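**Q** what follows is a protein structure lacking sequence information:
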């Protein structure tokens, strides 16, 4: 969903949200949540973000390659 939004926002919003999530996970641990459950949840959150960045990069490269192929196909054959 957010992959088509502001290209700069996807760089800074996830790290800001990751830092903002630390107090949430801290509060959960303080209220009795097991640290053994909180840490893997936070790690999965970070891994999902990293995978999303990789997939977005692949998508951008594919779109650029498709555009280059279209431009190449439009060139006259000499």
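**A** Cool, got the structure. Since we're looking at a predicted model, the values are computed, not measured.
**Q** wait, residue 38 sits on residue 28?
**A** Yes - with contact taken as C-beta atoms under 8 Å, residue 38 and residue 28 are classed as touching, separated by 5.7 Å. Where you see a C-beta, it was placed from the backbone N, CA and C, and this is true even at glycine.
**Q** ok, and the closest non-adjacent residue to residue 25?
**A** Beyond its immediate neighbours in the sequence, the residue positioned closest to residue 25 (C-beta to C-beta, 6 or more residues apart in numbering) is residue 38, lying 4.8 Å away.
**Q** in which helix or strand would I find that neighbour?
**A** Of the helices and strands defined by DSSP states H and E, residue 38 is found in helix 35-74.
**Q** which strands and helices lie in contact with that helix?
**A** helix 9-30 (3 or more C-beta pairs under 8 Å, 6 or more residues apart in numbering; DSSP states H and E).
**Q** and the angle for the helix it packs on with helix 35-74?
**A** Here helix 9-30 runs at 170 degrees with respect to helix 35-74, directions being taken by axes from the mean of the first three to the mean of the last three C-alpha atoms, to 10 degrees.
**Q** and stretch 52-62, how far out from the chain middle?
**A** Computed by C-alpha atoms, centre = their mean, to the nearest Å, the separation of stretch 52-62 from the middle of its chain amounts to 9 Å.
**Q** again, but for stretch 46-56
**A** 4 Å.
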